[in-house]
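Colleague: Everything below, folded, please.
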Amino acid sequence: MTGPLARVPGAGSRQRPARPRASRKGVTCPYCFASVAPQRILFRCRGQSGRRQGCAPVLDEELAAYTGSTAGASLPPVFSASGRAGRADCPDCGLPTGNRACPECHNPLPSAYCDSPGRIVALVGAKNAGKSTYIAVLLHELMNRVGTELDASLVACDDRTIERYKRDFARPLLEERRLLPTTASAATGPREPLVYLLTRTRKGRFSRPRNDSLALVLFDTAGEDLRSREVTDLHLRYLEAADAIIFLIDPLELPGARSGVRDGAPGTPAVPHSRDPDGEPLNVIARVTETLRQRHGTRPGVPLPVPVAVALTKIDMLRPGLLEQSALHRSRSGQGVLDLDDRDAVHEQVRALLHEWQAGQLDTYLGQQFADHALFGLSALGAAPEGERVGAGGVRPYRAEDPLLWLLHRFGMLDGVRPGGA
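Modeller: Residues are numbered from 1 along each chain as shown. Here you go, the predicted structure:
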């Protein structure tokens, strides 16, 4: 193992990893993923409100073209000013504004995202990996339990994200306890990303508290979107802009994993009659890897610098077959730091399972292609569903936040600690 997981002596010592990549010279729009120089960032007039005599709303054609609709696209106008400044005066009404916008798609660019080195995390997975469920649960955990633990806030960057999360994720899964449907292909219509800003307050011992921010941009990508070249092109800018990747893998799609599931266990899917080679985890990862190589311009054989978290989902179905001392039977400590001893143990346990399940080539390929990758086992629901509904115990996520916490550690936003001092 390399990078932040290398062992260092000192009981309980905290580790602050070096940032894996230098900060961008510009800003990457979290909506259209255009790379924008700070001086090109636009401002949007604050507009009329009550007695304030600002600019009247007008149709923003660029924003309407991005959303595919004129609904919600009538806003106060945008104007050019030095994007390096946090505020500018509207040339028409003279009112100051701090509302910034992308010059390409005219979506809002949050001030905290512009003013700090934001990070874009891409979520990728083949069909049936449980991406929609994972998104719903991860965001809920960050808004509640995990956010409190980390002294972090998670804020949607626009009203569209708020509405889509409630309508497509939170309401059906967390409130009505219905399983989320399989994601429809992007070929059937445009799909909006969910765009959040995760901000964590870091309190230094001898320095003032500072806020570190991470742009969390999530597409609920359908499995077929990653095997059709025509449709995949719609997602290329998303993948190319990513500072990190989370790959989700359904372990029941791996050759030998089903032997670890008790026969007839509730919620166990039927064995597929014919496997689709294009949808197999290794082939999906290979296609994304090819895209990243084009972006970075790296030659085959040279490891990519993008940190990659690879997570086996639905691990609750496999835990009964694991030894009690398995790292996947333990819960995370929840101390607001990354336990590196636990991280090592989970990585090695999942690695051993891949080789046991005749899927060791996944681990081999990741080690060849990426300079820094880590393996995880998690469950978004925590237990097998009952038909088309969540189990009687409700949603009880198990280590769903682990991949993101590891990435926060890689980005220098979360300390690492070795309680055993090894």
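Colleague: quick one: the helices in the stretch 1-150 of the chain?
Modeller: For the stretch 1-150 of the chain, the helices defined by DSSP state H, counting those that start in this stretch cover 61-67, 111-115, 131-143, 145-150.
Colleague: And the average pLDDT for the shortest one is what?
Modeller: Looking back up the chat, that one is helix 111-115. For helix 111-115, the mean pLDDT works out to 77.
Colleague: Let's see it as PDB, backbone CA atoms only.
Modeller: Output in PDB follows, covering the C-alpha atoms of helix 111-115 (Å, rounded to 0.1, in the frame of the first residue of the first chain):
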ATOM      1  CA  SER A 111     -18.500  31.800  -3.200                       C
ATOM      2  CA  ALA A 112     -16.900  29.100  -0.900                       C
ATOM      3  CA  TYR A 113     -16.300  26.900  -4.000                       C
ATOM      4  CA  CYS A 114     -14.700  29.800  -5.900                       C
ATOM      5  CA  ASP A 115     -12.600  31.000  -3.000                       C
END
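Colleague: In that helix, which residues are buried?
Modeller: For helix 111-115, the neighbour count (16 or more other CB atoms under 10 Å) marks 112-114 as buried. No exception for glycine: its C-beta is placed from N, CA and C like everyone else's.
Colleague: in the sheet, who's paired with the residue nearest the centre of the chain?
Modeller: The chain has Val121 as the residue nearest its centroid, 4.3 Å off, counting by CA atoms, centre = their mean. Legend: beta-bridge partners of Val121 under DSSP bridges are Ala244.
Colleague: returning to what we had before: so which of the helices of the stretch 1-150 of the chain is the most surrounded?
Modeller: helix 131-143 (a mean of 23; mean count of other CB atoms under 10 Å).
Colleague: picking that back up, Throw the buried residues of helix 111-115 into TSV and include distance to Arg410, thanks.
Modeller: As requested, the buried residues of helix 111-115 are arranged in TSV below (distance: CB to CB, whole Å):
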residue	distance to Arg410
Ala112	20
Tyr113	19
Cys114	22
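Colleague: Out of those, which comes closest to Ala241?
Modeller: Tyr113 (13.0 Å; CB to CB).
Colleague: Show the contacting residues for the residue lying closest to Ala64 once chain neighbours are set aside.
Modeller: Counting by CB to CB, 6 or more residues apart in numbering, Ala64 lies nearest to Ala73, which is 3.9 Å off, once chain neighbours are set aside. Applying CB atoms under 8 Å, 6 or more residues apart in numbering, we find Ala73 in contact with 59-61, 63-64, 67.
Colleague: Model confidence score at the residue of the chain positioned farthest from its centre, please.
Modeller: No residue in the chain sits farther from the centre than Arg51, which is 41.7 Å out by CA atoms, centre = their mean. As predicted, Arg51 sits at a pLDDT of 78.
Colleague: Could you give me the buried positions within stretch 388-406?
Modeller: Applying 16+ other CB under 10 Å to stretch 388-406 flags 390-391, 395, 397-406 as buried.
Colleague: so can I have TSV of those showing secondary structure and distance to Ile246?
Modeller: What follows is these, written out as TSV (DSSP: H, G, I helix; E, B strand; the rest coil; distance: CB to CB, whole Å):
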residue	secondary structure	distance to Ile246
Val390	coil	23
Gly391	coil	25
Val395	coil	19
Pro397	coil	15
Tyr398	strand	16
Arg399	coil	13
Ala400	coil	11
Glu401	coil	11
Asp402	helix	10
Pro403	helix	5
Leu404	helix	7
Leu405	helix	11
Trp406	helix	10
